[in-house]
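Student: Using only what follows, build the 3D model:
(chains A and B)
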Amino acid sequence: MRPSRGFLVASLFAASLSAGCAARLPEHVQAVSLPSPEVLGVTAEDSAPKADLRMIPPEAYMRTYLQLFGGLAPLDAQKLARGKEGAQLFDNWDAYVSALGFADYRTDIPRLTQTNALMVATFERLGVALCDRAVEHDLRAKPPMRERAIFAFDVLPAPGVMDEGAFGARFDVLHRTFLGYPRRLAPAARTTRFFQLYRDIVGMHRTADPKSRFTPEEAGWAAVCYGLVRHPEFHLY
Amino acid sequence: MISRSRSPVVLFAAVALASLTGLRPAASAPAPAAAAGTRTLDDYRHFRIASIDLVGRIPTRDELAAFERPDFDWDRWVESHLEGSAYVERLTRIYMDALRLEPNLNFTAVPSQLYRQEITGPDGKPVHVLYRGGQRRLRESTDGDFCLTPDETGLVVRPMAAAVGTPKKTSKKALDTYTVEVKPWWLYRDYKAEHPTERYKQGWANPDPQFRPVDALLDEPNGKPTMEVRVCREEAHEAPEGHIYASGRAKPPPTSSPLPGGRAKAAPVDTAYAIKHKGEAIACDTREGLSMAVDCGCGRGLERCTPNSGTGDTPAFQYPNHMPLGPDLPLDSAGQSALRWYPYWWSREAVHFLGYLFAEDRDFREVLTGKETWVNGPLAQFYKTVQRGACCGPEANFGMHGETEPLFDPARVPTDLLPHDVDRWERVADRGAHAAGILTMPMYLEKYASARARAAAIYNDFLCKSFSAGQAELTPSEDPDLTRRPGCQTCHATLEPLAAYFARVEPASYVYLPESLFPQKAATCKKDKAGKMNGACNALYDVAFFDDKGPTLRSAHASPAHASAGPVGAAADLTRMPEFASCAVQRVTSSFLGRPTTADDARLLQSLTKDFVRSGFRMRSLVRGVVLSDEYRRANDDRVDAPPVGTEAR
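Tutor: Next up, the predicted model:
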C-alpha cells in the first residue's frame, strides 16, 4: 500500500527537524564593528515642551460645580439636584466619583487625565442637572440678582424682542460664568451660533406638544447653559 | 510643648467652607467692566489657570470683575493665595498622588477589640454582651473564651464567626456573676465621671459632627436607646496594670475527657514564663496583658477598647468612603467596620501632617525629618494604648514583653483628648527619638509594609528615581545576596542598603526593635540539623545570612550602619542629597505646568531649585516662582497663534 501524502509530508518534516536538532554546538557569532553610517543630512529636533490640552482636576471641577450650585456642600447639592425627579436628573456622587476621574488612593488607582466616553457622559449629566436647577432657581423663582449664581439677568418676555444685541449681553454673563472671559474675546461666530441655538429651541418649544415643564424662553436659556457647561473650554485649563 | 490651638488646616478649611457657602453677590446685570478692554484673552486664560491652581476652582464673575479693574495687582493676588485651604489642598494633592496614603486594610489589635454577642436573657429577651477574644478568666470553663459557658447560654461563642448552638435562657445569677453593666466612652462624653450622665445625643447634645456610632451601638435589641452596655467582668477592669496568672494547668486535658461547661476547645495551659513570673505586674494594654492576666481589662469606660456591633467584621462608626474635598465636604457616609476605624484616622493624620507643613510653610525636609504630628481623639487612644497591643509575639523570646522604644512615645500623647474627640486636633511637637516625618507614621508603614517597599517609596517619591532592570545576562544563581546576584543587582545594589534603614521596624507593623535586645547578629539563634531556625528567630532574623556570629537581622545585611541609623538616619541622609531638593522642585513644577519637565526646562528648574534651597526648602517660595514664571503663563496654551514665552506684557 502506498503511503499517504500526509504521511510523506509528516515524515519529511520529522526528518528535517531531527537533522536540524542534531547535537552540535550552538553557533557563536563573532561581533564585528561597523563603520559609521554616512551622514546624508541634518534635521533639527524640536524638543521644546509641547503644550497640550489639559483637563482641570476633578477636585477643581467639583468645587466649581458646587460654587455654581450656590455654594452648597456636596450632599446638599445632591439633594437639591435630585429634587422631585430623583435619579432621573441626578444619581448620587458615589456613582460619579470614579467616572469624573478622581484618584482612589486606597486601591492605587491614579487620577484620570484624559476623557473617556463615560466621563463625557457624566459631565453632560451633571451639566444638565445644574442648568435645569439654575433655570428653576434663577429664572423662574426670580430671586434678587445677587442670589443668582448663573442666570444673573432677566428673561425678556417675547422672543421677537430678543435681538442679537440683547442676547449677547446676557450671553456674556454666561460666557464669563462658565468660560472665564468676556464673549468679545471669543471666536467671532460664537455669539451668533448660540443665538441661533436659542432661537431654534424657543421656536421648537412654542410648537411642542406636549409642553415642556419649561417656558420656551427658559428652555432656550437652558440649552445655552447646556452648551457652555459642556464646552471643552469649561473642562480644560 | 503641646499646642492646644485647633489645627490651622481645620481653621483654613472652615474659612474656605464659609466662603464657599457664603454666596458672593452675582452681577446684577451685564455691566461694562472699567478696564475690561485692556485685558487680552491670554490675560484671562492666565487668571483662570492660576485660580484653578490657587483657589481650587474657576473664577467667579465677581473675581473676574476685580481682575478687570485697572488697580488689580497680579503679584499681590498671587501672594494672597499662597496660603489658605485651596493652596494647602493643591500641594497636598501632589504628594498624596505620589504616596497614596489611604488604607485598604483592616487593623485589629487583639487586646483592644471588643466583640458583641447576643444571648437570651432570663426573661427570654435578647441581651448583648461585650467581650474580648482570648481574655483570661478564673473559671476553667471560660478561660480564654466568652465569659458564659455553652451550658449557660446554649451557644459556643466565636469572636470572628457566628455562634453555634441553640440559645437558651441564661440565668440571672450567671449574668450578675459574670457580667457587669458599664457606661462606655462611645455613649458618654463624661464616661470618666463617677456617674456619667451625658449620653450621646441626649445629655451630650453636641458631639463632634464626625463622631457617629452606628445605630446598632446606640439601641438595644428592643429598639430602646442603650444607656449601659453589658460586658464580661474581666473586660471591665480599669487598672492599667494586672498580674500574671498561672492557672496550675500544665498540660491540656486528654482528648477523651469532656471539657468543662461544654466549651468547644480546652482552656489555655500555663506557659513557662507565666509559671516563673506568676503574680508579677504586667501592662494591660499589651498582648501579654490579655493572654496572661485575669485582672486586665479595657479600662475606665472601656476606653482602651473599640466596640464591634457583632462578631467578626461588623459596623461600628459612620464616616465617609469618599471625601476628595476633605472630611468637611464628604460625598457619602456609611457604617464602617471597627477594623477600619484606626486605618481611617491614620490616613487623616498623614494628610493633616502634610497640610500643616504646607499651611505653615515649614521646611519641606520635615516631611521626612519632622518629629511633630497632629493627633485627635482616636489617634490619641491608638498611640496611648492600642498600638501597644501590636507587641509582643516573637519579640518576647528576645526579652521584649512590651515596646521599649516605640516610634511614638505614648507619654507624649495629649492626655485631654478622649476617644470620641474626632474633630479636635492637637499638635504633638515631638513624638520621640525614633520619629521621622511620615516615615514612622502607621499609614506609611502599613501602606508600604516591607522594608523594601518603604525604601522604594522614598526613592521614587522623594528622590524622583525609579528602579529599572539592566540588560544583564541572567545566569542561574542561588546567592541570597541580591546586591550581588546577576540580573538582580542593578536594582538591589541600591534598594537593599535603603531597605536596611527600616530593618528595625517590623514589617507590616510599627514595632521598633531596639539594638540592645535585637543585635545585628543574634548569637542566641541556632540552626537545627535541617539548617532552619525556630519560629521566633526566623521571624526576625534571616538564616540566609548566617555566619559564625549567628543570623543577621532581617533586611539589615546590606548595610548594618543604615540599620542602626533607622528611619531617622534615612531622613537625615536623604534630605542631605541634592536630589531631594531637585525632586521636590521637579514634582511641583511638573504638577503646575501640567506636563513632565524636559531638557528645555533646565534653566527654569535650576533657578527654582536654587531659590528653593536658599529659602530654606519653603514651598511657598517655590510655588511663587512657578506661578510667576513665563512657562506657567504659557502652559497648556495650544493656540497656534500663541506668542512665544517671554514676549507678552503682564
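Student: what about the helices in chain A?
Tutor: Along chain A, counting by DSSP state H, helices occupy A:5-20, A:58-68, A:74-82, A:93-96, A:117-134, A:164-179, A:190-207, A:216-229, A:232-235.
Student: The fifth one: which residues count as buried?
Tutor: What it means is helix A:117-134. By 16 or more other C-beta atoms under 10 Å in any protein chain shown, the buried positions in helix A:117-134 come out as A:119, A:122-123, A:125-134. Placement of C-beta: from N, CA and C, glycine included.
Student: Just confirm yes or no for that helix near chain B.
Tutor: No - residues of helix A:117-134 are not located near chain B by C-beta under 8 Å from any C-beta of the partner chain, the shortest gap being 11.1 Å.
Student: mind checking the end-to-end distance for stretch A:151-162?
Tutor: End-to-end span of stretch A:151-162 (C-alpha to C-alpha, to the nearest Å): 16 Å.
Student: quick revisit: next, format the buried residues of helix A:117-134 as TSV and append distance to residue B:589 and pLDDT.
Tutor: As requested, these are exported to TSV (distance: C-beta to C-beta, whole Å; pLDDT from 0 to 100):
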residue	distance to residue B:589	pLDDT
A:119	27	94
A:122	30	94
A:123	29	94
A:125	35	93
A:126	31	93
A:127	32	94
A:128	38	93
A:129	37	93
A:130	34	94
A:131	37	95
A:132	41	94
A:133	39	94
A:134	38	94
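Student: So which of those is the closest to chain B?
Tutor: Closest approach between the buried residues of helix A:117-134 and chain B, by C-beta to the nearest C-beta: residue A:134, at 11.1 Å.
Student: you'd agree that closest one is up against residue A:225?
Tutor: Yes - with contact defined as C-beta atoms under 8 Å, residue A:134 counts as touching residue A:225 (6.6 Å).
Student: Can you pull the residues that touch both of those two?
Tutor: Contact criterion C-beta atoms under 8 Å, 6 or more residues apart in numbering or on different chains; residues bridging residue A:134 and residue A:225 by contacting each: A:150-151.
Student: TSV for the buried residues of helix A:117-134, including distance to residue B:271?
Tutor: Below are the buried residues of helix A:117-134 laid out as TSV (distance: C-beta to C-beta, whole Å):
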residue	distance to residue B:271
A:119	59
A:122	59
A:123	64
A:125	63
A:126	62
A:127	67
A:128	68
A:129	65
A:130	66
A:131	71
A:132	70
A:133	68
A:134	71
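Student: Distance to residue B:445 for the helices of chain A - can I get that in a markdown table?
Tutor: What follows is those, written out as a markdown table (distance: least, C-beta to C-beta, whole Å):
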| stretch | distance to residue B:445 |
| --- | --- |
| helix A:5-20 | 57 |
| helix A:58-68 | 27 |
| helix A:74-82 | 32 |
| helix A:93-96 | 30 |
| helix A:117-134 | 35 |
| helix A:164-179 | 45 |
| helix A:190-207 | 55 |
| helix A:216-229 | 44 |
| helix A:232-235 | 38 |
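Student: mind showing which ranges of the chain have poor pLDDT?
Tutor: The chain I'm using is chain A. A:1-26, A:47-51, A:157-161 (pLDDT under 70).
Student: oops, chain B please
Tutor: Applying pLDDT under 70 to chain B flags the ranges B:1-37, B:471-472, B:638-650.
Student: how about the helices of chain A, which one is nearest residue B:176?
Tutor: helix A:74-82 (45.9 Å; C-beta to C-beta).
Student: Flag every buried residue along the closest one.
Tutor: Those would be A:74-75, A:77-78, A:80-82, for helix A:74-82 by 16+ other C-beta under 10 Å.
Student: tell me the contacts of residue A:220?
Tutor: By C-beta under 8 Å, 6+ apart, residue A:220 lies in contact with A:159, A:197-199, A:201-202, A:205.
Student: try 10 Å this time
Tutor: A:135, A:155, A:159, A:162, A:167, A:195, A:197-205, A:214 (C-beta atoms under 10 Å, 6 or more residues apart in numbering or on different chains).
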